[in-house]
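Peer 1: Next input, structure requested:
(chains A, B and C)
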Amino acid sequence: MDGFSSSISANSGTISGTLNQSELMEEETNMELRRGPWTVEEDLQLMNYIANHGEGRWNLLAQGAGLKRTGKSCRLRWLNYLRPDVRRGNITLEEQLKILELHTRWGNRWSKIAQHLPGRTDNEIKNYWRTRVQKHAKQLRCDVNSKLFKDTMRYIWMPRLVERIQAQRGSTTTTTTTLEALPPLCGAADDGGNRSYTPDENSSTAASSDSMGTSQMSMLSDFTAETSSTNSHGMQVQHSSQIGHGGYQQRLTSPYGYADHGHGLGSNQGGQLEGDMWLGSSEGVWSDEEIWLLQQHYLSYGL
DNA sequence: AAACACTTCAACCGCCGCTAG
DNA sequence: GCTAGCGGCGGTTGAAGTGTT
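Peer 2: Numbers count the residues shown, from 1 in each chain, chains lettered A, B, ... in the order given. Presented below is the predicted three-dimensional model:
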């Protein structure tokens, strides 16, 4: 980390002897550029500058703020961390459901997905997808882009999320989703069961909503991303993005959101003791038994 | 207690599209 | 029409924290 914090050249490979005047000047400028983790002082510099001058051209902003950072770096730091409305903390069940649904529809269009999750950044969603969803795909030993995994999400994972959200709301409505309810997977042609699975060519193909159950869709349309959370500066932030009707109001209790998720002092960052907001059980979506059952189910279809 | 394994996420990189000159 | 500069985006990396052996 310390090596990172020191000033380094962006063109470390260039041989100074071969540079002309302007290149030397550029080299000199690059020499001053800082990379790696931001310091508190830099954060303050950037926040103060934006508070006084607003956002603008990032390269000029970096210079104006007296930061030895690239404009890109400033932009990233601001958008992903310093912006007052950035939500931190665990992704809620509703957000998880939304991410799954939107990813089914758009694939890895993280920024587009993030637009529908107020306060969440594309980087955060991308990280969640990689660390959580892909992990479970790995557990099920299938490609995250395969139709197999997409159908698992659609027919098992998402209904389960809906159930949990309903349970959380104290609703009496239940959605029955069992392994038996899992349709012969994926478009499962009536071909006698002999099929081979290959990952989709295009991860964003999917069709999404129309393949979802009614209860899922109503849940999604009912989803109101109105939450209160605490941003990285400890400020209380209200987010309201009414997507459908209904009055879902989940008030986040931890200083870092639903539950502390590694941003507080002494919090658990790695490992699996984060209370697993990711669908629930201690290890994640599936228990060992469920994984086994799913695998058996897939095997029975010759997958 | 130490070494190793695993997880998370901030930050960087490279590419692409847009736009002003 | 060309080009340089810039912002935005998705993919990737690696430091650091935590769990496990």
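Peer 1: Where does pLDDT dip in the stretch 101-250 of chain A?
Peer 2: Applying pLDDT under 70 to the stretch 101-250 of chain A flags residues A:171-250.
Peer 1: who in it is up against DNA strand B?
Peer 2: A:123, A:124, A:126, A:127, A:128, A:130, A:131, A:132, A:135 (Cβ under 7 Å from any atom of the strand). Where C-beta positions appear, they are placed from N, C-alpha and C, glycine not excepted.
Peer 1: Swap in 6 Å and give it another go.
Peer 2: Residues of the stretch 101-250 of chain A lying close to DNA strand B (Cβ under 6 Å from any atom of the strand) are A:123, A:124, A:127, A:131, A:132, A:135.
Peer 1: give the contact list for the second one.
Peer 2: Yep, that's residue A:124 we're talking about. For residue A:124, the contacting residues are A:80, A:91, A:114, by Cβ atoms under 8 Å, 6 or more residues apart in numbering.
Peer 1: Quick check, the first one in contact with residue A:123.
Peer 2: Yes. The criterion here is Cβ atoms under 8 Å, and residue A:80 meets it with residue A:123 at 5.0 Å.
Peer 1: thinking again about what came up before, give me the PyMOL select line for the residues of the stretch 101-250 of chain A next to DNA strand B, limited to the buried ones.
Peer 2: Listed next is the PyMOL selection for buried residues among these, using 16 or more other Cβ atoms under 10 Å:
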select buried, chain A and resi 124+132
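Peer 1: so, if you compare the residues of the stretch 101-250 of chain A next to DNA strand B, which one comes nearest to residue A:85?
Peer 2: Residue A:85 has its nearest neighbour among those in residue A:124, at 13.1 Å by Cβ to Cβ.
Peer 1: Distance-wise, check that closest one relative to residue A:52.
Peer 2: Residue A:124 sits 27 Å away from residue A:52 when distances are taken as Cβ to Cβ, to the nearest Å.
Peer 1: Also residue A:131?
Peer 2: 37 Å.
Peer 1: Could you do residue A:79 as well?
Peer 2: In terms of Cβ to Cβ, residue A:79 sits 18 Å off from residue A:52.
Peer 1: and if you look at residue A:43?
Peer 2: Taken as Cβ to Cβ, the span from residue A:43 to residue A:52 is 15 Å.
Peer 1: neighbour count winner among these two?
Peer 2: Just comparing residue A:43 and residue A:52: by other Cβ atoms under 10 Å the higher neighbour count belongs to residue A:43, 16 against 9.
Peer 1: can you count the residues close to the closest residue to that one other than its chain neighbours?
Peer 2: Spatially, and ignoring its direct neighbours in sequence, residue A:43 is nearest to residue A:82 (6.0 Å; Cβ to Cβ, 6 or more residues apart in numbering). Residues lying near residue A:82 (other Cβ under 10 Å) number 20.
Peer 1: One more: residue A:95?
Peer 2: Applying other Cβ under 10 Å, we find 23 residues neighbouring residue A:95.
Peer 1: Touching, it and residue A:120? I think so.
Peer 2: Yes. Judged on Cβ under 8 Å, residue A:95 makes contact with residue A:120 at a distance of 6.9 Å.
Peer 1: now, which of the contacts of residue A:124 sits nearest DNA strand B?
Peer 2: Proximity of these to DNA strand B was ranked by Cβ to the nearest atom of the strand; the top entry is residue A:80 with 5.9 Å.
Peer 1: what sits against the closest one?
Peer 2: Neighbour list for residue A:80: A:86, A:121, A:123, A:124 [criterion: Cβ under 8 Å, 6+ apart].
Peer 1: Give me the distance between it and residue A:122.
Peer 2: Separation of residue A:80 from residue A:122 (Cβ to Cβ) stands at 8 Å.
Peer 1: Then residue A:74?
Peer 2: Taken as Cβ to Cβ, the span from residue A:74 to residue A:122 is 17 Å.
Peer 1: the more surrounded of the two?
Peer 2: Set residue A:74 next to residue A:122 and count neighbours by other Cβ under 10 Å: residue A:74 wins out with 25 against 18.
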